[in-house]
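K.L.:
prediction below, plus the sequence it came from.
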Amino acid sequence: MTTTGSLVVTDLRVEFDGFVAVGGVSFDAHPGEVRFLIGPNGAGKTTCIDAITGLSKGSGSVKLGDQELLGTSVNKIVRLGVGRTFQTASVFEQLSVLQNLDIAAGLHRSSLSLLRARRGIEPAIESALEETGLSTERETPAGILSHGQKQWLEIGMMLVQEPRALLLDEPVAGMSQDERTATGELLQRIAQRRIVLVVEHDMDFMRRYASRVTVLHQGKVLSEGAVAQVQADPKVQEVYLGTAGAATTAAMLAVPDGATATTDSITQGEGA
Amino acid sequence: MTKLKPWLPLIGIGVFAVLLLVVAPAVLSMHWINNLGKYCCWAIVAVGIGLAWGRGGMLVLGQGVFFGLGAYTMAMHLTLETAGPGSLPVFMILYDPSAPLPAFWEPFRSDAFTLVAIVLLPVIVASILGYALFKRRVKGAYFAILTQALAVALAVLISSTIRETGGDTGLSDFKYFFGFVLDDDANKIMVFMIAAALLIVCLLVVWQLGRSRFGELLIATRDAEERVRFLGYDPANIKLVAFVVAAVMASIAGAMFVPIVGIITPAEIGASASILMIAGVALGGRASLFGPALGAMAIGWGQSSLGSSWPSGWIYILGLVFILVTLFLPMGLSSLSGRAKSLVWRSRTAATAPAAASAPVLEEVKK
Amino acid sequence: MPTRVRDPTLQNRLQNSAPNRERPHVDALIPPLLNGTALGALLLLAALGLTLTFGQMGVINMAHGEFIMAGAFIAYLTQLVVTSSNISIVLALPLAFLGAGLLGLLLEVGIIQWMYRRPLDTLLVTVGVSLILQQIALQIFPAQGVPVESPGWLDGQADILGYAWPLRQVFTIVLAALCLAALAAWLKYTSFGRRIRATVQNRDLAETSGIPTRTVDRITFFVGSGLAGVAGVAASLIGGTNSQMGTQYIIPAFLVVVAGGVGQIKGTVIAAWAVGIALSFFADWTTGSMAQVLAFVLVVIFLQFRPQGLFTVRTRGLT
């Protein structure tokens, strides 16, 4: 199911009534890496994802393998194998976890089979339940899941669709530390077979799980590379520093718990 | 018990069927049989509205349009049947005895054409309207207002075409129903049985749709349309199916209304009639299976008994039904038992999983 | 439902007072244009209040038509007290504004305030309110309606573009223009107008910056409903004043607001004018009721191209 082929964004531009939200952004993401898109507020991160998934109109080019995505409607882009989650987990609150996953898995069912009731659980759904740790919650209405569980359910709904690319918009916002770790590990497992692109504010989370990072600033690519490289980039420091001073840098460069491995590279980067 | 649970609604439909088809004809007088037949027609419309509004989230404020399509299709056929082959309907003779029958009346002489038209006309109209609106993502209040505007437009159109449709006085004085004399009590019971049976069929259809994957998808679309789109479906198509099914049910109801009540006028399909159709659904509980049907029957009963004995009071009651149900019981009377259950469920699960505050819907995040 | 005294088409009312036709070659054009403008002005008056309650507050007030009715009955009641129709109509305008406005305020305080951000529920609730108000009017006033006498100074005709134009139509247009100007100025130049706009754009932020949003809601609803009362006075001069009159205005008024772009006064003006003109022309070519059907089809087709109406407030998506 998973085919090789990368997500290649070339000179993507998105405008809202003359306001340039994304002004010529290029980056790519490959299967096997957890790709991060970071940047300060208003940098155009989510707008990039919106354009890739067909929600906002953009110009330039977004290719998944050989397939051009720009100009295709939202639901067709999903059928081409691009799944996305939202900042606020959006699941069907009135339906059970199982029903949520079943709807997601039904993407390629014939319309006639929709008229029959569900019998049994498809293997893809079973494995998504296990992957996201929701096996015991399968009959629970999605509305009463915890915030983190909702996010995982949403990711699970993507997984049953076997997407080639998975785009996540701030997946760990509002999560506890344990939930973050679980999510990060989940993403790393998922990324082994497909493209995973994460928009995130949380620097700590980024440092721990990113393979490669692109920093956006005011709709443009500011820096790109491995975590250490990006953090060493003076332009990035300037953006995060602004004129406000050390507090922000300190926060960004602070040594996160249990992430000593990356700390070294940061200090090295700074020294260089 | 848990094994039985999925089949409870089916058992309910069975009980309902026995009550309507066996008990009612045995115990009720002709007067009440006729009334009950009328309530069945409104209940059929309501079952469709329950599907479109309760499960699909589309507030259809203009079901009178489809009710009217079916009713006028049937009424034109019965009028022609009453007039006899080759003759003009009486009301047309009154206006102009020498005028020919309008061309669009001619096909309705045929039994088969009439029956097909009752189903096909609403499918065509609802498909075109629904496609146009849903594809452009017209929803919520806009959709409600536009459907009501359509009902007003159709009622006005019929009112103003006295020569062709009978205008405000409508079509009435039907003597035959596909060869059966309507004056005969046995035939009246038969017509009632058809209406009641159709109501049972509609309940079965909605029950099956509700338990099917389509039903789950419809509820998903109602609650988070954008999420459905981002799962690769086109929500417009899902809504269209529910809207068209509801339209067909309204049309069938209208078609049965005509032989049972004996008259159809634009007042039965206009804005206020369409609103009345909503009232029962809101009262009974729009998202439940039996709520809309029972609510519509209750409102129908109020309309025909209170409405004639105490007209002003009835309108106040109707107004209060809208206000009180919306304020205090948005999911109708049928939600009362569900509320009790969810209280138990919450207190049971509260210890293990703290119930998350209901997350804002997607639309708020994404415009 | 009680049987209704139906005056099915809005423009029948205006058609009766169509301008004299003197120049046949342009007859097909000018009179419908003038008629349409007057009809558009009436629609605008009916819709103007909705741009506030629906557009700014997101409330679908189906009782707005009954507020129009209330305005018309207030015009009638004023005439009972001040028998000179020349003066009473002038007095009726502020009184109708106040009366309908108070009804609106009552509705807001009693019911609507519990259901902001639930537009469909406001629709259902106000359907009930509208039924009750109609029934109250039916019990107070005779079912066939009451006559509101047109003042003497409106009986004449004005000479415009070589056409004799009934002054009553001119009055409607002037009244609509005045209300429009007042509303626009109020929203744009007063501090209260700025508060309304702030509340609409970001309720939470407005609240935290010290704007009493509850008061803003109430006053907005009062003014929006009051405008319906003014529309009612104009309507009472043109057609019958009865308990069912509101039902004729509510749907066209909503269509105008939807087509104009919700909350956009500029759009509402253009849409009202366009729908008025369209109704007049269609009525000229076909029949009054066919015109209504065509106008409806036109609005639906229009929404195919501009689903958000003529004008929209564009906001940046996320982030």
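P.N.:
Great, that's in hand.
K.L.:
which residue does chain B have closest to chain A?
P.N.:
residue B:232 (3.4 Å; Cβ to the nearest Cβ). Bear in mind the C-beta positions are built from the backbone N, C-alpha and C, glycine included.
K.L.:
looking at this, that residue is in a strand?
P.N.:
No. Counting by DSSP: H, G, I helix; E, B strand; the rest coil, residue B:232 is not found in a strand; it is coil.
K.L.:
which SS state does the closest residue in space to it that isn't next to it in sequence fall under?
P.N.:
With Cβ to Cβ, 6 or more residues apart in numbering or on different chains as the criterion, residue B:232 has its nearest non-adjacent residue at 3.4 Å, and that residue is residue A:78. Each residue gets one of three states, and residue A:78 gets helix by three-state DSSP.
K.L.:
ok, residue A:78 - how many residues close by?
P.N.:
For residue A:78, the tally of surrounding residues (other Cβ atoms under 10 Å in any protein chain shown) stands at 24.
K.L.:
got it, and residue B:129?
P.N.:
21.
K.L.:
so it sits in a strand?
P.N.:
No. Assignment of residue B:129 by three-state DSSP gives helix, placing it outside any strand.
K.L.:
isn't it up against residue B:149?
P.N.:
No. Using Cβ atoms under 8 Å, residue B:129 is not in contact with residue B:149; the gap is 10.9 Å.
K.L.:
please name the residues that touch the closest residue to chain B within the stretch 1-150 of chain C.
P.N.:
Closest to chain B within the stretch 1-150 of chain C is residue C:128: 2.8 Å, counting by Cβ to the nearest Cβ. Contacts for residue C:128 were tallied using Cβ atoms under 8 Å, 6 or more residues apart in numbering or on different chains; they are B:318, B:319, B:320, B:321, B:322, B:323, B:326.
K.L.:
now with 6 Å?
P.N.:
By Cβ atoms under 6 Å, 6 or more residues apart in numbering or on different chains, residue C:128 lies in contact with B:319, B:322, B:323.
K.L.:
not counting sequence-adjacent ones, nearest residue to it?
P.N.:
Nearest residue to residue C:128, sequence neighbours excluded (Cβ to Cβ, 6+ apart): residue B:322, at 2.8 Å.
K.L.:
any idea of the mean pLDDT for the strand or helix carrying that neighbour?
P.N.:
Residue B:322 is part of helix B:311-328 when elements are defined by DSSP states H and E. On average, the pLDDT along helix B:311-328 is 92.
K.L.:
which residues are in contact with it?
P.N.:
Under Cβ under 6 Å, 6+ apart, the answer for helix B:311-328 is B:279, B:282-283, B:306-307, C:121, C:124-125, C:127-128, C:131-132, C:135, C:139.
K.L.:
reformat the residues you listed as TSV; add pLDDT and secondary structure.
P.N.:
Converted to TSV, the contacts of helix B:311-328 look like this (pLDDT from 0 to 100; DSSP: H, G, I helix; E, B strand; the rest coil):
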residue	pLDDT	secondary structure
B:279	93	helix
B:282	94	helix
B:283	94	helix
B:306	89	helix
B:307	85	helix
C:121	89	helix
C:124	92	helix
C:125	94	helix
C:127	94	helix
C:128	95	helix
C:131	94	helix
C:132	96	helix
C:135	95	helix
C:139	93	helix
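K.L.:
burial measure for the residue nearest to residue C:128, as a count.
P.N.:
Residue B:322 has 25 nearby residues by other Cβ under 10 Å.
K.L.:
quick one: residue B:254 from residue B:269, how far?
P.N.:
8 Å (Cβ to Cβ, to the nearest Å).
K.L.:
who touches both of those two?
P.N.:
Common neighbours of residue B:254 and residue B:269 (Cβ under 6 Å, 6+ apart) are residue B:67.
K.L.:
and the residue of the stretch 51-200 of chain B that's closest to chain C?
P.N.:
residue B:160 (3.5 Å).
K.L.:
report the contact partners of that residue.
P.N.:
Counting by Cβ under 6 Å, 6+ apart, residue B:160 has contacts C:287, C:289.
K.L.:
quick check: which element contains the most centrally placed residue in chain A?
P.N.:
Closest to where the C-alpha atoms of chain A average out (Cα atoms, centre = their mean) is residue A:168, at 2.1 Å. For residue A:168, the enclosing helix or strand under DSSP H and E is strand A:165-169.
K.L.:
for residue B:297, what are its contacts?
P.N.:
B:39, B:43.
K.L.:
which of the residues in the host helix or strand of it are buried?
P.N.:
Element membership for residue B:297, per DSSP H and E: helix B:291-309. For helix B:291-309, a neighbour-count test (16 or more other Cβ atoms under 10 Å in any protein chain shown) marks B:291-304, B:307 as buried.
K.L.:
among the residues you listed, which pair sits farthest apart?
P.N.:
Farthest pair in the buried residues of helix B:291-309 (Cβ to Cβ) is B:291 and B:307. Separation: 21.6 Å.
K.L.:
the chain: strands as residue ranges?
P.N.:
Using chain A. Taking DSSP state E as the criterion, chain A carries its strands at A:7-16, A:19-29, A:34-38, A:59-64, A:67-68, A:82-84, A:165-169, A:195-199, A:212-217, A:220-225.
K.L.:
other chain: chain B
P.N.:
Going by DSSP E, chain B shows strands at B:171-172, B:176-177, B:180-181, B:263-264.
K.L.:
please tabulate those strands in a markdown table, including the columns mean pLDDT and distance to residue A:58.
P.N.:
Formatted as a markdown table, the strands of chain B follow (pLDDT from 0 to 100; distance: least, Cβ to Cβ, whole Å):
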| stretch | mean pLDDT | distance to residue A:58 |
| --- | --- | --- |
| strand B:171-172 | 92 | 57 |
| strand B:176-177 | 92 | 61 |
| strand B:180-181 | 92 | 65 |
| strand B:263-264 | 94 | 54 |
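K.L.:
would CSV of those with distance to residue B:141 and mean neighbour count be doable?
P.N.:
As requested, the strands of chain B are arranged in CSV below (distance: least, Cβ to Cβ, whole Å; neighbours: other Cβ atoms under 10 Å in any protein chain shown):
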stretch, distance to residue B:141, mean neighbour count
strand B:171-172, 34, 21
strand B:176-177, 40, 20
strand B:180-181, 45, 13
strand B:263-264, 29, 22
